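Q: kindly return the folded structure for what I paste below:
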Amino acid sequence: YNTDGTMHEVNKAWENLWQAKRKDAIGKFNILNDPQIKNLGILPIIKKAFAGEPQDIPEFEYDPKKVGYHGRSRWIKSRIYPIKDSHGRVLNIILTHEDITEQKATEKNLHLFKKAVDNSLNGVGITDSDGKTIYKNKALDEMLVDFGYNPLAAYVDKDKGNEVFKNLMSGNNWSGEVVM
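A: Just a heads-up that it's a prediction; the model follows:
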């Protein structure tokens, strides 16, 4: 970017990310006048870079259609930093983007999955290879005595509990009934 905020240059990765042509943005797009950047609340961070301070920009979702460009909305992680001359004057600004759209979709799906498991009427628990509890949902907590970090403690028949866990920890399935 030029010091007035106009786009100075882009690379092929930028064109691919935004599904845009460099000729449509260079000298035309101005980051300091972008209403979406202002509405996202990141303009003050960007202005700090224009004042000479490198900045990490918090993750944000950007939709180029909202400012008259083609392309689809993307979640972006960015870093912006000034290029200075030998006297410390800002000459240009470099802005890098990392597309984290897939990561955000995965996080959303994991959150939904966790919510479903948390609210399941079936007891769900996860243990590590030592048999220590990593996770248990509310239903499992309500079904069993609170067994804390040792699920084997919930088994009335400790030998049967050891058999179940030995089988599960070796990667096998186990089915049957136990008294807990």
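
Q: so after the worst-scoring helix or strand of the chain on mean pLDDT, what's the next helix or strand?
A: The weakest-scoring helix or strand in the chain, judged by mean pLDDT, DSSP states H and E, is strand 125-127 (a mean of 81). Next in sequence after strand 125-127, counting helices and strands by DSSP states H and E, comes strand 133-136.

Q: shaky segments in this protein?
A: Residues of the chain meeting the criterion pLDDT under 70: 131, 145-151.

Q: that one: helices as residue ranges?
A: Using DSSP state H, the helices found in the chain span residues 12-18, 35-39, 43-50, 101-118, 138-143, 158-169.

Q: my guess is H70 contacts A20, does it?
A: Yes - with contact defined as C-beta atoms under 8 Å, H70 reaches A20; the gap is 6.2 Å. For the C-beta atoms, the positions are set from N, CA and C on the backbone; glycine is no exception.

Q: what's the overlap in contacts for those two?
A: P64 (C-beta atoms under 8 Å, 6 or more residues apart in numbering).

Q: pick out whichever of those two has more residues nearby.
A: Neighbours were counted for H70 and for A20 using other C-beta atoms under 10 Å; A20 has more, 17 against 11.

Q: what's near enough to touch K21?
A: By C-beta under 8 Å, 6+ apart, the contact set of K21 is E15.

Q: what separation is there between it and M7?
A: Using C-beta to C-beta, to the nearest Å, one gets 12 Å for the distance from K21 to M7.

Q: same thing with K136?
A: Separation of K136 from M7 (C-beta to C-beta) stands at 52 Å.
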